[in-house]
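1. Below are the sequence and a predicted model; questions follow.
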Amino acid sequence: MESLLTYLVLGALMFCIGIFGLLQQNSLIGMLIATELILNGAGMNFMAFGMFLTPDPTVGQVFTLFIMGVAAAEAAIALSIIITIYRRFKEIRVDGISELKG
Amino acid sequence: MTTIADFIPPILVAQGAFWLMVVLTLAGAVLAVIPSKIVHNVLGLALAMFGVTGIYLYLGSQFVAMMQLLIYVGAICVTYIFAIMLSPPLELDLPKPSLLKAATALIVSVIAFIAMIQMILTARWAPLAAPSRDWTTKTLGQELLTRYFLVFELISLLLAVAIIGAILIAGLGRERE
């Protein structure tokens, strides 16, 4: 519980579950949810490094806070884009939206 | 008065709570990607974020843990739920992803995981002799408003622009229709 490796492995697990979801999901919102998992895996690594490795204790926390801010902005923008796409194509499956495909 | 601490040593309780949080996080993460009903995915995400909150508490930072709870469980998951409920078709059951796609995704993510574990185990980490525990909210607030002030303001600006942009994108789409 007090070792760096536990947190790093947990972060890697979340990251890889996120990658799996991103590749396997068929809906845009599902992919967005998987992206949040990936961001959180990265944030957990920053917190663990901040606690165990850096002499300055605030760097990791500040970085995690900024990751959260960026994730919130990304969620707002992506959701509005998805809703717009749905209005236009009547479709949220990734395979259905292929108008720009060459 | 007898408490639970009389029967179980506190260190054991702490360990148990930590592993419970780990299990919650992983279960939530799996729940967030496997089911094909989107509402279940969002609930899984909320569970995973709750678990991560507990882990951050174990990492010693109450402030980041509370922010995690507020931003992810309180804001992002609720936004997803609103988006799903406000546009009825989004809660349709999607067809199960094809087996081939799932198998490919599984292979890619397992390879990525093995590579990461390999890297974690072989890297020579140099842990501090005495890790600093000066993680108080006061220190964090002072740093945020002095050393990281520019980034702090930039994030605020980014959030404002993102919210206005989201409203514009969703609103303009409706007008054009």
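-> Received the coordinates, thanks. These numbers were taken from a predicted model, which means no experiment stands behind them.

2. What's the local residue count around residue 46?
-> The chain I'm using is chain A. By the criterion of other CB atoms under 10 Å in any protein chain shown, residue A:46 has 21 neighbours. (Each C-beta comes from the backbone N, C-alpha and C, glycine too.)

3. not what I meant, chain B
-> Other residues near residue B:46 come to 21 when the count uses other CB under 10 Å.

4. can I assume it is in contact with residue B:28?
-> Yes - counting by CB atoms under 8 Å, residue B:28 is a contact partner of residue B:46 at 7.3 Å.

5. quick one: contacts for the residue of chain A found nearest chain B?
-> With CB to the nearest CB as the measure, residue A:21 is the residue of chain A nearest to chain B, at 2.9 Å. Each residue near residue A:21 by CB atoms under 8 Å, 6 or more residues apart in numbering or on different chains is listed here: A:30, A:31, A:33, A:34, A:37, B:32, B:33, B:34, B:105.

6. Check residue B:105 too.
-> Counted by CB under 8 Å, 6+ apart, residue B:105 has contacts A:19, A:20, A:21, A:22, A:23, A:24.

7. if we go to 7 Å?
-> A:20, A:23, A:24 (CB atoms under 7 Å, 6 or more residues apart in numbering or on different chains).

8. Would you mark the buried spots in the longest helix along chain A?
-> Longest helix in chain A by number of residues (criterion: DSSP state H): helix A:58-89. Buried positions in helix A:58-89, judged by neighbour count with 16 or more other CB atoms under 10 Å in any protein chain shown: A:58-69, A:71-86.

9. Which strands or helices does that helix pack on?
-> Here helix A:58-89 touches helix A:28-52, helix B:62-68, helix B:77-86, helix B:137-146, helix B:149-176, going by 3 or more CB pairs under 7 Å, 6 or more residues apart in numbering or on different chains; DSSP states H and E.

10. Point me to the residue of chain B nearest chain A.
-> residue B:33 (2.9 Å).

11. these two touch, right, that residue and residue A:19?
-> No - if you go by CB atoms under 7 Å, residue B:33 and residue A:19 don't touch, sitting 9.5 Å apart.

12. and residue B:119, that's in a helix?
-> Yes - secondary structure assignment places residue B:119 in a helix (DSSP: H, G, I helix; E, B strand; the rest coil).

13. Which secondary structure element is home to the residue nearest the centre of chain B?
-> For chain B, residue B:49 is the residue whose C-alpha lies nearest the centre (CA atoms, centre = their mean; 4.0 Å). Using DSSP states H and E, residue B:49 maps to helix B:38-58.

14. got the contact list for that helix?
-> When contacts are defined by CB under 7 Å, 6+ apart, helix B:38-58 is touched by residues A:1, A:27, A:29-30, A:33, A:36-37, A:40, A:44, A:47, B:18, B:21, B:24-25, B:27-29, B:31-32, B:35, B:64-65, B:68-69, B:72-73, B:77, B:80-81, B:84, B:90-91.

15. one step back: out of the contacts of residue B:105, grab the one that's most surrounded.
-> Neighbour-wise, the contacts of residue B:105 (other CB under 10 Å) top out at residue A:20, 25 neighbours.

16. Touching, that residue and residue B:109? I think so.
-> Yes - using CB under 7 Å, residue A:20 makes contact with residue B:109 at a distance of 3.9 Å.

17. Okay, now the unreliable bits of chain B?
-> B:1, B:4-5, B:88-97, B:129-135, B:173-177 (pLDDT under 70).

18. Residue B:143: what's it in contact with?
-> Neighbouring residues of residue B:143 by CB under 7 Å, 6+ apart: A:58, A:62.

19. swap the cut-off to 6 Å and go again
-> Residue B:143 makes contact with residue A:58, according to CB atoms under 6 Å, 6 or more residues apart in numbering or on different chains.

20. so how far is residue B:53 from it?
-> 22 Å (CB to CB, to the nearest Å).

21. do the same with residue A:34
-> According to CB to CB, residue A:34 and residue B:53 sit 19 Å apart.

22. Could you do residue A:37 as well?
-> From residue A:37 to residue B:53 the distance is 14 Å (CB to CB).

23. And residue B:43, by the same measure?
-> 16 Å.

24. Likewise for residue A:29?
-> Counting by CB to CB, the gap from residue A:29 to residue B:53 is 23 Å.
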